[in-house]
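Student: give me a model of this one.
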Amino acid sequence: MRKNIVAGNWKMNNNATQTKALINDLKVALEKVSANCRVLISPTSINLTSAVAATKGSVIEVSAQNMHQATSGAYTGEISANMLQDVGVKTVILGHSERRTFFGEDDTMLTEKVTTALENNLEIIFCFGELLEDRKSDNHFNVVESQLKNVVLALNASAWKNIVLAYEPVWAIGTGETASPEQAQEMHAFIRGLVEATYGKTLANNVSILYGGSVKPANAQEIFSKQDVDGGLIGGASLNATDFTGIITAF
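Tutor: Residues are numbered from 1 along each chain as shown. Predicted coordinates for the structure are as follows:
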């Protein structure tokens, strides 16, 4: 059975002091409510070790924002799967639109990263989604299908126990624009259908598919109520303990 998940991607925000303070605020807030979902936060890599320590014993899990595909070597500034595991991180976000856009990560590179993560038994939150021009030209389904087929839909079925999907309409990230709940459901149903066509209904029904486009406390409940939306990959709203808790309690 698939799980509901709310994951916060903190991106390049929060120094060590701010990270500790936000985690403490979240812990206090979550002690007062029932979190009927998995809760993850993704601090910047320099704060992963302290974040794992600070969240120990709480419902909060820590994930990484990125990871290099090589085991080790001359890759200045990068972090490996083993380094993540060594500090207690078990989940990594791969394929985020900002990594694709600003750092040139293509399907070939992402296939290598996904393979390395799986070989190291890391859970993957795999991101994908269309640009505004794709949506306007009615090419959004083709773009999403291609991004999935070129990477995760080429995996063996056994790999999917470690895969979470995160659909992010790029035009709705950090813009204040949000796909309507109906648009989100339409795409999520399409995505689940692709998984079912490749692996069968049972596996498709067990895959969590997150929505990643400007989710806020005000719209989270309506978005999460849709049949094929299993939570959210949250950007800006995850940097505020009250807002993030409001999204978590939408379940």
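Student: list the helices and strands the least confident helix or strand in the chain by mean pLDDT packs on?
Tutor: Ranked by mean pLDDT, DSSP states H and E, the weakest helix or strand in the chain is helix 132-136, scoring a mean of 89. Under the contact criterion of 3 or more Cβ pairs under 8 Å, 6 or more residues apart in numbering; DSSP states H and E, helix 132-136 touches helix 140-149. No exception for glycine: its C-beta is placed from N, CA and C like everyone else's.
Student: burial measure for L153, as a count.
Tutor: Neighbour count for L153, taken as other Cβ atoms under 10 Å: 16.
Student: can you start the count at 32 instead of 1 from here on
Tutor: Shifting the count to begin at 32 puts that one at L184.
Student: so it sits right up against L225, yeah?
Tutor: Yes: applying Cβ atoms under 8 Å, one finds L184 in contact with L225, separated by 6.5 Å.
Student: now the nearest residue to L270 once chain neighbours are set aside, what's its secondary structure?
Tutor: Excluding its sequence neighbours, the residue lying closest to L270 (Cβ to Cβ, 6 or more residues apart in numbering) is N44, at 5.8 Å. Of the three states, N44 takes coil under DSSP: H, G, I helix; E, B strand; the rest coil.
Student: quick one, phi psi at N44?
Tutor: phi -130, psi 150 (degrees, to the nearest 10).
Student: excluding chain neighbours, what is closest to N46?
Tutor: Taking Cβ to Cβ, 6+ apart, and ignoring the residues beside it in sequence, N46 has N78 as its nearest neighbour in space, at 7.7 Å.
Student: with T146 instead?
Tutor: Here the residue nearest T146, using Cβ to Cβ, 6+ apart, is Q100, at 7.5 Å.
Student: count of residues packed around the one you found?
Tutor: So Q100, with other Cβ under 10 Å, has 20 neighbours.
Student: ok, N35 - contacts?
Tutor: Counting by Cβ atoms under 8 Å, 6 or more residues apart in numbering, N35 touches N67, C68, R69, S239, F255, D261, G262, F282.
Student: narrow the residues you listed to those in strands?
Tutor: Mapping those onto strands (DSSP state E) picks out R69, G262.
Student: want to throw the contacts of N35 into TSV with pLDDT, neighbour count and distance to L61?
Tutor: Putting these into TSV (pLDDT from 0 to 100; neighbours: other Cβ atoms under 10 Å; distance: Cβ to Cβ, whole Å) gives the following:
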residue	pLDDT	neighbour count	distance to L61
N67	92	11	12
C68	97	22	11
R69	97	19	12
S239	98	19	20
F255	97	22	17
D261	98	24	19
G262	98	30	15
F282	92	17	13
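Student: can you add distance to A148 and give the contacts of N35 back as a markdown table?
Tutor: Shown next, in a markdown table, are the contacts of N35 (distance: Cβ to Cβ, whole Å):
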| residue | distance to A148 |
| --- | --- |
| N67 | 27 |
| C68 | 22 |
| R69 | 18 |
| S239 | 16 |
| F255 | 26 |
| D261 | 20 |
| G262 | 20 |
| F282 | 27 |
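Student: of the contacts of N35, closest to R33?
Tutor: S239 (4.6 Å; Cβ to Cβ).
Student: buried residues, stretch 81-89. List them.
Tutor: For stretch 81-89, the neighbour count (16 or more other Cβ atoms under 10 Å) marks S81, A82, V83, A85, T86 as buried.
Student: between those, which is nearest A235?
Tutor: Nearest member of those to A235, counting by Cβ to Cβ, is T86, at 31.2 Å.
Student: quick one: contacts for that closest one?
Tutor: Taking Cβ under 8 Å, 6+ apart, we find T86 in contact with I54, K58, I72, E92, V93.
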